[in-house]
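Peer 1: got a predicted model here, sequence first, then my questions.
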Amino acid sequence: MVAISDSLTWQLISQNNSFLHKRNGKFSRTGAIRFSKEPTNVMSLSTFKYSGVANSRATSVGTSTDSKGNTYPVLLKNTKSGVASIPLNKNFRSAVKTVVSQNARKDIEGKVKAKYAGVYNGNMARKELRKKTVVKAGRGKEL
């Protein structure tokens, strides 16, 4: 495979690729929104900064399932041979340290940590290890 620069890759794939989802605005004032379903795209936005295909050092967080059906968070990284997944089935603090140490791009480090926190919290709520928040309606009435 021929090695090309990240900016040239973005120029080739920015207008049309298989991961691109274009959503039109409701009114003429609101422009079309372009989302991306790339596995290593942190914000799911189709921009050069967050693109996992155009950036050779892209990092993101996702989930994986083991043979028993349990889900756990994984760190996704672009490597020369494809996308590598690093399991993050540790406690929260040590997993955040792993996310920070494996992240090659410091400009999106906060967004990767925020995405990991969201995946971690969603996974804990799904396993019912964390209590769900009580929504109050009005003065002391619970739903």
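Peer 2: Everything's here; your move.
Peer 1: so which residues of this protein form strands?
Peer 2: 20-23, 33-36, 59-65, 71-79, 82-87 (DSSP state E).
Peer 1: who are the packing partners of the first one?
Peer 2: Right, the one you point to is strand 20-23. Under the contact definition 3 or more CB pairs under 8 Å, 6 or more residues apart in numbering; DSSP states H and E, strand 20-23 sits against strand 33-36. To be clear about C-beta, it is placed using only N, CA and C from the backbone, and glycine gets the same treatment.
Peer 1: and the strand it packs on, what does it pack onto?
Peer 2: By 3+ CB pairs under 8 Å, 6+ apart, strand 33-36 packs against strand 20-23.
Peer 1: send me the strand it packs on as CSV with only the CA atoms.
Peer 2: Presented in CSV, the C-alpha positions along strand 20-23 are these (Å, rounded to 0.1, in the frame of the first residue of the first chain):
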residue,chain,number,x,y,z
LEU,A,20,-20.3,9.6,6.0
HIS,A,21,-23.9,10.4,7.0
LYS,A,22,-25.3,13.7,5.8
ARG,A,23,-28.3,15.1,7.6
